[in-house]
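Participant: build me a structure from this.
(2 chains)
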Amino acid sequence: KQEVTQIPAALSVPEGENLVLNCSFTDSAIYNLQWFRQDPGKGLTSLLLIQSSQREQTSGRLNASLDKSSGRSTLYIAASQPGDSATYLCAVNTGANSKLTFGKGITLSVRP
Amino acid sequence: DVKVTQSSRYLVKRTGEKVFLECVQDMDHENMFWYRQDPGLGLRLIYFSYDVKMKEKGDIPEGYSVSREKKERFSLILESASTNQTSMYLCASTSPGGEQYFGPGTRLTVT
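Facilitator: This is a model prediction of the structure:
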């Protein structure tokens, strides 16, 4: 059974810092991996989708990498801003009807 | 832009009531999902549907049922609401490329 882990559960950084959020998964037989952002009381917003054949994806200040063989993904946020404060979740798609297995998320706080 | 909408942002119901949560997506996606999200437990899959009238149980289907009569609409039904079903309910659909899109969520309180 696929398990997804995100450690630490919470992170606080000063504004302007570059940071890396980690995600690990136990079964490397995945179709894709997706990073989401969730603001308090809201739904999930898709940030980046990495297919299993890809190594990384970029969108603005965000870069996500995927290493299937080691069961790891990272989300890199450049020049963090207070508006980046949110919970970041990663989710792995093992292909069975696109069902995702989610990590519990990392709650990021960027201090002004 | 893909849009997934949910019928209510906040809902308060009494124990024993039948509750309907509606979800609509506008991108002709085949796969649709219902999750609940609770502090410390993360997102848990309740049911999903991969086509009209087709459904499969997720990890926690007990106490819930679903209906998918049209491709764009996926409904979650709480047959007899209980206080332990107080939660945030999230609907999602998946594009053919595998990207999952979420609705804004429904915060359900059962008293």
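Participant: and for residue 98, the neighbour number?
Facilitator: With no chain named, the answer covers chain A. 25 (other CB atoms under 10 Å in any protein chain shown). C-beta: built from backbone N, CA, C; applies to glycine.
Participant: meant chain B, my bad for not saying
Facilitator: 18.
Participant: any idea how far residue A:37 is from residue A:99?
Facilitator: Residue A:37 sits 21 Å away from residue A:99, going by CB to CB, to the nearest Å.
Participant: then residue B:22?
Facilitator: For residue B:22, the distance to residue A:99 equals 22 Å [CB to CB].
Participant: so those two - more neighbours on which side?
Facilitator: Set residue B:22 next to residue A:99 and count neighbours by other CB under 10 Å: residue A:99 wins out with 21 against 16.
Participant: right, is the helix or strand bottoming out on mean pLDDT in chain A up against chain B?
Facilitator: For chain A, using mean pLDDT, DSSP states H and E, the weakest element among its helices and strands is strand A:100-102, scoring a mean of 93. Yes - using CB under 8 Å from any CB of the partner chain, strand A:100-102 reaches chain B at A:100, A:102.
Participant: so the residue nearest to residue A:56 when sequence neighbours are not counted is in which element?
Facilitator: On the basis of CB to CB, 6 or more residues apart in numbering or on different chains, the spatially nearest residue to residue A:56 that is not a chain neighbour turns out to be residue A:65, at 4.4 Å. Here residue A:65 sits within strand A:62-67, counting by DSSP states H and E.
Participant: partner strands of the following helix or strand past that strand, parallel or antiparallel?
Facilitator: Using DSSP H and E, the helix or strand that follows strand A:62-67 in sequence is strand A:72-77. The pairing partners recorded for strand A:72-77 under DSSP bridges are strand A:19-25 (antiparallel), strand A:62-67 (antiparallel).
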